[in-house]
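> give me a 3D structure for the following:
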Amino acid sequence: MHDVGAKPRMVTNNEILTVLRAWSFKRNDRRKNVLPEGVAWVYSDTFGLQRRRDGAVTHTAVTPKFPNISRVLNKWLQDRKPTGIATCFPCTSITVNNGYAARNHRDKNNVGPSLIIALGEFTGGELNYWPLDNYKEDPADQDDNLKTTIDISKGEILFDGTKTHSVEPFTGERYSIVFHTHRAYLNVNQAVRQDLHNLGYYVPTMKETMIAQKMIVAPSSTSLAAP
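Below is the predicted model of the structure:
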């Protein structure tokens, strides 16, 4: 993997899996909306842009400490840029998860399309997604007859993270990666924007976000590249 970026080649799914297996996930107790029943914390980290509790829009603390994690994940993403994106796929933030099935929730801090994939040796763990979510019902009260269930171990999926979604129970080793744009992306100052750019993130314009949003027609694999 040392040659990633040194010569033109795609980053493979197996290389990303190697990175995730080596990463020391923290116990995250702040993601209250995803915690399974009876669970106090999950293994989850976010790289890239965030809005801190004091209101500042900047990168997460872990981002500059491990710059090559962002670089290799962003290279993987842009290698699989969906057709219809003229420049780079809009992405200011990357969330990596390990070993839990998120309950029904909405990602309220996202804007535009999210791209997700699951990696590892596991069975189950499909993504449940309510594409017709009208935001009126509590995520826990969504009608199961209206959900779409997708095996995201077969390929990366574009979806709207602000609509209700969850993960089916699974057995085995399961990691997931969610590439997304934080809704505070228009408030990024030039210094933070440059830092993100240097790590491979693409902070979009409002027009680019609107164009990308229109790509979310129905949940399906982007089918752009083999693992």
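
> hang on, residue 30 is in a strand, isn't it?
No - judged by DSSP: H, G, I helix; E, B strand; the rest coil, residue 30 forms no part of a strand; its state is coil.

> and the strands in the chain?
Using DSSP state E, the strands of the chain run over 27-28, 42-51, 57-59, 93-98, 110-119, 122-124, 127-129, 148-150, 157-159, 165-167, 170-172, 175-182.

> got the ones you listed as a markdown table, with distance to residue 79 and mean pLDDT columns?
Bear in mind the C-beta positions are built from the backbone N, C-alpha and C, glycine included. Converted to a markdown table, the strands of the chain look like this (distance: least, CB to CB, whole Å; pLDDT from 0 to 100):
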| stretch | distance to residue 79 | mean pLDDT |
| --- | --- | --- |
| strand 27-28 | 28 | 95 |
| strand 42-51 | 17 | 96 |
| strand 57-59 | 22 | 93 |
| strand 93-98 | 14 | 98 |
| strand 110-119 | 12 | 95 |
| strand 122-124 | 24 | 97 |
| strand 127-129 | 21 | 96 |
| strand 148-150 | 21 | 94 |
| strand 157-159 | 15 | 92 |
| strand 165-167 | 24 | 97 |
| strand 170-172 | 26 | 98 |
| strand 175-182 | 12 | 97 |
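
> wait, which of the ones you listed is closest to residue 20?
In terms of CB to CB, the element of the strands of the chain nearest to residue 20 is strand 175-182, at 4.5 Å.

> centre of the chain versus the least confident helix or strand in the chain by mean pLDDT, how much separation?
Lowest on mean pLDDT, DSSP states H and E among the helices and strands of the chain sits helix 206-213, with a mean of 89. Mean-position distance between helix 206-213 and its chain equals 17 Å (CA atoms, centre = their mean, to the nearest Å).

> and the contacts of it?
84-87, 89-90, 111-113, 160, 181, 185-186, 204 (CB atoms under 8 Å, 6 or more residues apart in numbering).

> now, of these, which are buried?
85, 89-90, 111-113, 160, 181, 185, 204 (16 or more other CB atoms under 10 Å).

> in a markdown table: the strands of the chain, plus distance to residue 14.
Shown next, in a markdown table, are the strands of the chain (distance: least, CB to CB, whole Å):
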| stretch | distance to residue 14 |
| --- | --- |
| strand 27-28 | 26 |
| strand 42-51 | 20 |
| strand 57-59 | 28 |
| strand 93-98 | 16 |
| strand 110-119 | 9 |
| strand 122-124 | 15 |
| strand 127-129 | 21 |
| strand 148-150 | 22 |
| strand 157-159 | 19 |
| strand 165-167 | 22 |
| strand 170-172 | 16 |
| strand 175-182 | 12 |
